[in-house]
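J.: Build me a model:
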Amino acid sequence: MSEPLELDADARLHRVAIGLVLPAGLHVEDAVVVAEDLVAAGFDGEATVEVAALSRGSSRSDAETLVRAMLAEHGIDVPVIEDEDSAYRALLRAVGYWDLPIHVMEGCFYARVLAWDERGPLDRELVVLLDEREHLTDPLERHAFDQEIRAVVRAHVPAP
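T.: The predicted structure follows:
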């Protein structure tokens, strides 16, 4: 594959991975389309080929194991969500390493935010940063600030 296709495929695979950690869930059709494009571009990994062969209307329960295997073929390990804490850690990883939009993580963050004395260093930094971000109106400033938030998350959350 050419480099631009690889970069595009990488971003698209990460969007599929994000679907596995968000409450709204995996969009099977998106995973199938990415797999179809990868196969058409010459990638012949077994799980990717199997996902490409799925019906776009397949249920999450039918597709999830195959999609996870396809992502693993491409070096993307998606944790299984077991409880609220693991969901939150997965969202933080997605923000820091997979470019999950910050606003998607905010609701989960604010739903679980603890009293100031009970917060860890990352939660304290995020409270301050998210408050500052809320006051930004310029899209370029907000984008730059989002990159700062991602860097703070990466400083506290190990790479996948």
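J.: Work out for me the element Arg133 sits within.
T.: helix 121-134 (DSSP states H and E).
J.: Could you name the helices and strands sitting against that helix?
T.: With contacts taken as 3 or more Cβ pairs under 8 Å, 6 or more residues apart in numbering; DSSP states H and E, helix 121-134 sits against helix 102-112, helix 139-156. From N, CA and C alone the C-beta is placed, and that goes for glycine too.
J.: The ones you listed: lowest mean pLDDT?
T.: Lowest mean pLDDT of the helices and strands packed on helix 121-134: helix 102-112, a mean of 83.
J.: Centroid-nearest residue for this structure?
T.: For the chain, Ile18 is the residue whose C-alpha lies nearest the centre (Cα atoms, centre = their mean; 3.1 Å).
J.: Look up how far Trp98 lies from that one.
T.: 6 Å (Cβ to Cβ, to the nearest Å).
J.: about what we covered before: want to throw the helices and strands packed on helix 121-134 into TSV with mean neighbour count and distance to Glu29?
T.: TSV is the format used below for those (neighbours: other Cβ atoms under 10 Å; distance: least, Cβ to Cβ, whole Å):
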stretch	mean neighbour count	distance to Glu29
helix 102-112	15	19
helix 139-156	14	28
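J.: In CSV: these, plus distance to Leu66.
T.: Formatted as CSV, the helices and strands packed on helix 121-134 follow (distance: least, Cβ to Cβ, whole Å):
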stretch, distance to Leu66
helix 102-112, 25
helix 139-156, 29
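J.: thinking again about what came up before, which parts of the helix holding Arg133 are buried?
T.: Neighbour counts over helix 121-134 (16 or more other Cβ atoms under 10 Å) mark Asp123, Glu125, Leu126, Val127, Leu129, Leu130, Arg133 as buried.
J.: Go through those and name the one nearest His74.
T.: Closest to His74 out of these is Leu126 (29.1 Å), distances taken as Cβ to Cβ.
J.: separation between that closest one and Gly120?
T.: 10 Å.
J.: Model confidence for the residue in the chain sticking out farthest from the centre, exactly?
T.: Of all residues in the chain, Asp117 has its C-alpha farthest from the mean position, at 29.3 Å, by Cα atoms, centre = their mean. Here the pLDDT value assigned to Asp117 is 77.
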